[in-house]
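S.K.: here is my input, please return the structure:
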Amino acid sequence: MNSLQMSLFADADGVDPAPVPDAVRRLGEALPGRIHLGTSSWSFPGWTGLVYSARNGKPATEQVLARHGLAAYSRHPLLRTVSLDRTFYAPLSSDEFARYAVQVPAGFRFVVKAPAAITDPVVRKPGSGEAARDNPTFLDATTAAVAFVRPVVEGLGAKAGPLVFQFPPLGRRLLADAPRLAARIAAFVAVLPRGPRYAVEVRDPELVTPAFAEALADAGAVPCLAVHARMPPVAEQAAALRVDEPAGGLPLVVRWNLHAGRGYEEAKTDYFPFDRLVEEDVPSRMALARLAWQAATAQRDVFITINNKAEGSAPRSVEALAAAISAREAR
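M.R.: Numbers count the residues shown, from 1 in each chain. Got it, this is the predicted structure:
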């Protein structure tokens, strides 16, 4: 660890890691090294006491955590990855990615979302989110390579985990011919620069098919399971997309986003300040624990990132999932 990293870890603008309970530390020691669990972003003051320590009795603000909290986050023994979701809204430069990379240890990996400018078929009106016009860079591989893939690779280097192309609900016009749409997405991925791990997340159940999984595999990509209110249960998705089959050592990638039956804003309001499990989703947790254990046993890397809107507190969900995985290991 160089002097810059040490200074970041020790006292990054007043953001220090929280003390880790012995039980959580033991979970981290028992969790296989191939399994990377983490959260979506890290800038939540409600995680004080779970991930961050208070300074002078006060939690760090969201703004301070967003700018300086990553180093403390990455010291938690269970938090081995994080989803960089801000890249969905605007691309980052290689220098910005590099500033993230220097703050985390060597084994840490980033899950990075591609910009919506590549995955959304329409350009949306600011504020309302309504469609304004067709998006000229939808599934444009040249734009993806230049504006997204290259800066990630140059900035994060070996600390880059899966690059996730998350497609929003794509609408009746495109879904009218779902097989053709699936082929278009796979063809797009196939011509991206080789080297990074690519994962594709959809929010339309019509695309959760064995044929889509096969097309992605042929393109060198994997499905990203979307644990989301719009989508089928984990076990059903896993079976349809065949993610529990050892696909040439390709990773298992999951984003646990939103509790079933919940809207995003509703969950955000009801779960705030994200310091405890409000609505546990045990079926999803157990299904993910099984998939993670099977993949790690087959020498495949595992990346599971969890949103606060999944159960109420992403760090608590990580702890519960790690415990479920360890219980399978102990059998």
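
S.K.: least trustworthy helix or strand in the protein by mean pLDDT?
M.R.: Least confident helix or strand of the chain, by mean pLDDT, DSSP states H and E, is helix 3-11 with a mean of 42.

S.K.: where exactly do the helices run in the stretch 201-331 of the chain?
M.R.: Remark: helices assigned in the stretch 201-331 of the chain by DSSP state H, counting those that start in this stretch are 210-218, 234-241, 264-271, 282-297, 308-311, 314-329.

S.K.: mind checking those for the one nearest to Thr119?
M.R.: Closest to Thr119 of those, according to C-beta to C-beta: helix 210-218, at 14.3 Å. Every residue, glycine included, has its C-beta placed from N, CA and C.

S.K.: and after the least confident helix or strand of the chain, which helix or strand comes next?
M.R.: Once helix 3-11 ends, the next helix or strand along the chain (criterion: DSSP states H and E) is strand 16-17.

S.K.: figure out how far whatever helix or strand comes next after that following strand is from the centre of its chain.
M.R.: Once the chain leaves strand 16-17, the next helix or strand it forms, by DSSP H and E, is helix 22-30. Offset of helix 22-30 from its chain centre (C-alpha atoms, centre = their mean, to the nearest Å): 22 Å.

S.K.: contacting residues around Pro77?
M.R.: By C-beta atoms under 8 Å, 6 or more residues apart in numbering, the contact list for Pro77 reads 20, 24-25, 27-29.

S.K.: ok so, going back, so which of the helices of the stretch 201-331 of the chain gets nearest Ser74?
M.R.: Evaluated with C-beta to C-beta, these place helix 314-329 nearest to Ser74, the distance being 12.8 Å.

S.K.: what's the angle between that closest one and helix 264-271?
M.R.: Interaxial angle, helix 314-329 versus helix 264-271 (axes from the mean of the first three to the mean of the last three C-alpha atoms, to 10 degrees): 90 degrees.

S.K.: per-residue confidence averaged over helix 314-329?
M.R.: If you average the pLDDT over helix 314-329, you get 94.

S.K.: so which elements touch that helix?
M.R.: helix 22-30, strand 35-40, helix 282-297, strand 302-306, helix 308-311 (3 or more C-beta pairs under 8 Å, 6 or more residues apart in numbering; DSSP states H and E).

S.K.: wait, what's in contact with Pro251?
M.R.: 162, 197, 199, 222, 295, 300-303.

S.K.: and the gap between it and Leu258?
M.R.: 22 Å (C-beta to C-beta, to the nearest Å).

S.K.: cool, and Ala238?
M.R.: Ala238 sits 18 Å away from Leu258, going by C-beta to C-beta.

S.K.: cool, Thr305 as well?
M.R.: 13 Å.

S.K.: which of those two has more residues huddled nearby?
M.R.: The neighbour comparison of Thr305 against Leu258 (other C-beta atoms under 10 Å) goes to Thr305, with 30 against 23.

S.K.: doesn't Trp42 make contact with that one?
M.R.: No - Thr305 is not in contact with Trp42 according to C-beta atoms under 8 Å; the separation is 11.0 Å.

S.K.: isn't Glu62 up against Phe44?
M.R.: Yes - Glu62 is within contact range of Phe44, at 7.1 Å (criterion: C-beta under 8 Å).

S.K.: neighbour count for these two, which is higher?
M.R.: Taking neighbours as other C-beta under 10 Å, Glu62 and Phe44 compare with Phe44 leading, 26 against 14.

S.K.: contacting residues around the more buried one?
M.R.: 62, 65, 273-274, 308.

S.K.: 6 Å instead, please
M.R.: By C-beta atoms under 6 Å, 6 or more residues apart in numbering, Phe44 lies in contact with Phe274.

S.K.: look up how far Lys113 lies from it.
M.R.: Taking C-beta to C-beta as the measure, Phe44 falls 18 Å from Lys113.

S.K.: repeat for Thr87
M.R.: Distance of Thr87 to Lys113, computed by C-beta to C-beta: 5 Å.

S.K.: those two: which is more packed in?
M.R.: Set Thr87 next to Lys113 and count neighbours by other C-beta under 10 Å: Lys113 wins out with 25 against 22.

S.K.: so that one touches Leu163, yeah?
M.R.: No - using C-beta atoms under 6 Å, Lys113 makes no contact with Leu163, being 8.2 Å away.

S.K.: where does pLDDT dip in this protein?
M.R.: For the chain, applying pLDDT under 70 flags the ranges 1-14, 128, 246-248, 329-331.

S.K.: what's around Ala199, how many residues?
M.R.: Neighbour count for Ala199, taken as other C-beta under 10 Å: 28.

S.K.: could you single out the nearest of the contacts of Pro77 to Thr142?
M.R.: Of these, the one sitting nearest to Thr142 (C-beta to C-beta) turns out to be Gly28, at 41.5 Å.
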